[in-house]
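K.L.:
my questions concern the predicted model and sequence given below.
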Amino acid sequence: MDHKILGSGLGGNERNSLDELLDTLPAEDAGAIRGWLSPEVGGPQGLLGVLSKVQDDVRRPDPEDSDKVQRIGVIGGGTAGYLTALALKAQRPWLDVTLVESKSIPIIGVGEATVSWFVMFLHHFLGLDPDELYAKVQPTWKLGIRFDWGPDPDGFMGPFDWSGDAVGIRGSIAETGNINAATLGSLLMGADKAAVYDTPDGPRSLMKYLPFAYHLDNALFVRYLTEAAQARGVEHVEAQIADVALSDADWVDHLTTADGRRLEFDLYVDCTGFRSTLLEKSVGSKFVSYADTLFTDSAVTGNVSHGGHIMPYTRATTMNSGWCWGIPTRDENHHGYVYSSAFISDDRAAEELAKRHPGISEPKIVRFRSGRHEQMWRGNVCAIGNSYAFVEPLESTGLLMISIEALTLVSSLPASWREPNVREVVNAGIAQHWDAIRWLLGIHYRYNTRLETPFWKECVSATDVSGFAPLLDVYANGAPLTRRNPVLQDLLNRLAPSYFGLFGIEYLLLGQQVPTRLLPLAEPIEDWRRRKQSADLLVAHSLPTRQALEAFDRYPELNRQLLQDEDSWAGPAIAARLGFC
Ligand code: FAD
C-alpha cells in the first residue's frame, strides 16, 4: 500500500491525494467531504474501513412476551453446570438462572489441567477475582505440556508461547535436533522455573508476556464455583430429575423430580455429564463416536506427594496401553493413566501406574467415551460439557470447550423464541471445532513411536486421522506449517479450525519427528544462538515455580499487571478482541 497516497496528511504536514483533490472542488463541497473524512476516521483511510455503529445485539426479554427466554434451568452441578450458570449471570444478569443438581449422582471429579484461554475466560468473561481464586483454589501454572512421547528419549515440549517463537523453532531443530529450545516457555519448562524474578526492589514478573494456564485442584475449584454462583444470585435446587416431559419432539415442557416437584424453564441447559439426560435421552440428538481415532475409554487416577517440587507444566507420559498425566497441585502431583480396556485390565493398569509412581494413593477408575452429539442445541435444549461432547484428556480440552460452549450460548441466546434463531450456526461451528480436536488428538496416537506394545502398534497402524490427511500432505511437503505462504496457511486453518491452530499441530508433528522437508533457515545460525544465550540468561535468573507462585500469592499487583496491562497476553485489549468484554 502506498503510504504517501493514504498517509495521515490531514493531521500532519504532508499533503495527500485527498487534499489535492479537495483543493480543486468548490469550498462548500470540500468542507463537507473533509468533515466526513476527518482525522478521527483516519482521513482518506476512512474509505478503507470504518464500520457504522450499531447497538450491540444483546436484547432483554419483554415481560409481556409469552415466548420470552427468561427462565434458564441449568441441569447438573459439575464444572459445566457451574461455569455455564456463572457465564449467564455475568453477561445477562437479568436472567433467572436456576442450577439443579443431584447429590446422589456424583460429578466426574477430574479435569484439572487447562489452557491459557481459560485464564482469560475466568477473569474477563466470568469476572472472577484472581486474588480470591489464588486464595481459595491455589492454582499452579502450566506453561505447556511436556511430552514423554516420540522417538527422542528427552521427549518434547508443547509450550503455550509457541506462536511467539521468540527464540526460533527452525534454529532449535538446526542446532539441537529437537524443538525444545524454540521459546522461553520451553526453556523454562526444561528448568522447572517461571518468569518471575527476585530483585532488591521486590518481585518482578514477565508472566504477562508468557501465555500460561492454570492447574486447578478439582475439588477446590468446584467448591469455589459453587460459592461464586450462590453469591451471584444463581438459584440452587437439589433434586434428581426423574422425568422429562416433551410438548414437541425437540421441546421440553417441564421436568419432574424424583420427589415429585415440577420444574419449568424457558431454556434447559443439559449439563448432566455422560448421562446426557436431556439432549440424548429426551430430545434425541444422536451420538457421533470418535472411537476410530481415540481408542482409550478408561482412566485410573491417584495422587502422590511431590516433596515441594512443583513442575510448571502438565506431563504426558507414554504408557504400555495409553498414557499417564502428571498435574501438580501445591502439595502433590495428581496422576491418571488413560488406557484402552481392550488392551489392559483395570487391575493391571493400576499396577502399572503404581509402579511408575510409588506411594500413589488408592486407585479410582473413571470410564468415558470420546465423541460428540449431532447437535449441541436442539429445540429449547442446549447441552454443555460431557453431555454434548468429550474427548480423552490429552490436550486438556474439557474445560476449554465448556468455556467456548458457554461463551457461544451466552452470545447467541435469543430474548424470545419468536426471533429467527442461530441454533444451526452454533451446532455447525462447535461440531467443527470438536472434530478438529479429534484429528489433533489422533496425530498424538498415529505417530508416537516410543513403545512397541500391542496397543501402540495398533495406534500407529489403525488410528483414523483422515480429517487431517490433506494437512498432513502439506506438512510432509514442507514445515514449519506456520512459515508456509499465507494463502496456503489460510487454507490449512480452514481444515483445522480449533483453539490449537497450526502452531499446535506443527509442534506435535515436529516434536514426534514425523518426516518432513524442513524449510531452510533464512538467517545465520549465530543470530539464533545469540537469542538462545539471552533466553538462557533469563531462565538462569528466574525463580523456581513454587517461589514464583508464592510471589503471586503475596503481591496481588503481579496479577493486576497480567490482567490489566494493555501489552499483556491476558490483558483487556486481547480480551475485547476475543469478545470477552
Ligand atoms: P459431571 O461432572 O459428570 O457433572 C454432571 C452433573 O449432572 C452432576 O452434578 C450430577 O449430579 C448431575 N446430574 C446428572 N444426572 C442428573 C439428574 N438426573 N438429575 C439431576 N442432576 C443430574 N478437562 C480438562 O479441561 N482438563 C483435564 O485435565 C481433564 N481431565 C480429565 C480426565 C478424565 C479421565 C476425564 C474423564 C475427563 C477429564 N476432563 C478434563 C474433562 C472434565 O472433567 C469434564 O469435561 C468436566 O468435568 C465436565 O463435566 P460435566 O460437568 O459435564 O459432568
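P.N.:
Received, thanks. Predicted model only: the values in this text are computed from it and were never measured.

K.L.:
following the longest helix seen in the chain, which helix or strand comes up?
P.N.:
For the chain, the longest helix by residue count, based on DSSP state H, is helix 423-446. Following helix 423-446 in sequence order, the next helix or strand is helix 454-462 (DSSP states H and E).

K.L.:
in that next one, which residues are buried?
P.N.:
By neighbour count on 16 or more other CB atoms under 10 Å, the buried set for helix 454-462 is Phe455, Trp456, Glu458, Cys459. Every residue, glycine included, has its C-beta placed from N, CA and C.

K.L.:
quick one: that helix to helix 423-446, angle?
P.N.:
If you take axes from the mean of the first three to the mean of the last three CA atoms, to 10 degrees, helix 454-462 sits at 120 degrees to helix 423-446.

K.L.:
what lies in contact with the helix or strand that helix 454-462 is followed by?
P.N.:
Note on helix 454-462: by DSSP H and E, the next helix or strand toward the C-terminus is helix 469-477. With contacts defined as CB atoms under 8 Å, 6 or more residues apart in numbering, helix 469-477 is touched by 443, 465, 481, 484, 488, 492, 495-496, 505-506, 509, 514-517.

K.L.:
one more pass at 10 Å, please.
P.N.:
With contacts defined as CB atoms under 10 Å, 6 or more residues apart in numbering, helix 469-477 is touched by 439, 443, 446-447, 465-466, 468, 481, 484, 488-489, 491-493, 495-496, 502, 505-506, 509-510, 514-517.

K.L.:
up against the ligand, what does this protein have?
P.N.:
The chain comes close to the ligand at residues 75-81, 100-102, 105, 107-108, 110-114, 240-241, 271-273, 275, 277, 299, 336, 366, 368, 385-387, 390, 393, 396, 398-399, as judged by CB under 6 Å from any ligand atom.

K.L.:
circling back: which among the contacts of helix 469-477 count as buried?
P.N.:
For the contacts of helix 469-477, buried by 16+ other CB under 10 Å: 439, 443, 446-447, 465, 468, 481, 484, 489, 492, 495-496, 502, 505-506, 509-510, 514, 516.

K.L.:
quick one on the thing from earlier: now go through the residues of the chain next to the ligand and say which are in strands.
P.N.:
Ile75, Val100, Glu101, Ile241, Ala299, Gly336, Val366, Phe390 (DSSP state E).

K.L.:
tally of neighbours for the closest residue to the fourth one other than its chain neighbours?
P.N.:
It refers to Ile241. The shortest distance from Ile241 to any non-neighbouring residue, by CB to CB, 6 or more residues apart in numbering, is to Leu255 (5.1 Å). Using other CB atoms under 10 Å, Leu255 has 23 other residues around it.

K.L.:
pretty sure Leu255 sits against Asn380.
P.N.:
No. Leu255 is beyond contact range of Asn380, at 12.0 Å (criterion: CB atoms under 10 Å).

K.L.:
returning to that earlier point: pretty sure the residue nearest to Ile241 is in a strand, no?
P.N.:
Yes. Under DSSP: H, G, I helix; E, B strand; the rest coil, Leu255 sits within a strand.
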